[in-house]
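Asks: Kindly return the folded structure for what I paste below:
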Amino acid sequence: MERFEGRIIVIQTESEAEKAVAYLEQQKAIGFDTETRPAFHKGVSHQIALMQLSTLDTCFLFRLNLIGLPDCLADILINPAIKKVGLSLKDDFSAIHKRKAIAPTNFVELQSFVKDYGIEDNGLQRIYGILFGKRISKGQRLSNWEAGVLSDAQKMYAAIDAWACLKIFNELKYREKVKK
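Replies: Numbering: from 1, shown residues only. Coordinates of the predicted model:
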């Protein structure tokens, strides 16, 4: 089972968000994902509770249910100089738009990106398994992302999802370079 061995930093205030964004703004590419508290009843939906932005060694977990979508975080989502890599982005963008009317910029949709490399599977677990031969646990997917305190298992799950997107992107770009 894959583990993220880097730092996982939970962001619960706007000033923490500003520090995290200052670090992320120095990156060329970052992994991206979001988590939303599951709704088990028809017609019930929740806003994004968590946004994960990851480098290869640090993942920031922004608790949007506590801090909303601060301007500094919105700015990174629309920054054309930073590539953001994620999976199933259409739903994420729609959910982000419910929090703040922004148009995310310079995002790579892994589901489309991997097709250029002959990978037809479009789930994160499957793509990761094909490239790295390791499993990613999906056990925390339906947990409560609005909990007062995130469990270690939730933090690991959330970090891996964003980090794995960046790792897949980098690996395919590397293999492309090696071929030439």
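Asks: For the closest residue to residue 14 other than its chain neighbours, give its distance to residue 88.
Replies: Leaving aside its sequence neighbours, residue 14 sits nearest to residue 70 (Cβ to Cβ, 6 or more residues apart in numbering; 4.9 Å). Where C-beta positions appear, they are placed from N, C-alpha and C, glycine not excepted. Remark: distance between residue 70 and residue 88 (Cβ to Cβ, to the nearest Å) = 24 Å.
Asks: For these two, indicate the residue with more neighbours.
Replies: residue 70 (19 against 15; other Cβ atoms under 10 Å).
Asks: so what's that one up against?
Replies: With contacts defined as Cβ atoms under 8 Å, 6 or more residues apart in numbering, residue 70 is in contact with 14, 17, 18.
Asks: Can you verify my assumption that the first one contacts residue 64?
Replies: No: at 11.4 Å, residue 14 and residue 64 do not qualify as touching, with contact defined as Cβ atoms under 8 Å.
Asks: ok, of the contacts of residue 70, which come out buried?
Replies: Among the contacts of residue 70, those scoring as buried are residue 17 (criterion: 16 or more other Cβ atoms under 10 Å).
Asks: Out of the contacts of residue 70, which is nearest to residue 172?
Replies: residue 17 (30.3 Å; Cβ to Cβ).
Asks: confidence score at the closest residue to residue 9 other than its chain neighbours?
Replies: Residue nearest to residue 9 in three dimensions, not counting chain neighbours: residue 60, with 5.2 Å by Cβ to Cβ, 6+ apart. Residue 60 is assigned 98 on the pLDDT scale.
Asks: Tell me the buried residues in stretch 115-129?
Replies: Those would be 119, 124, 125, 127, 128, for stretch 115-129 by 16+ other Cβ under 10 Å.
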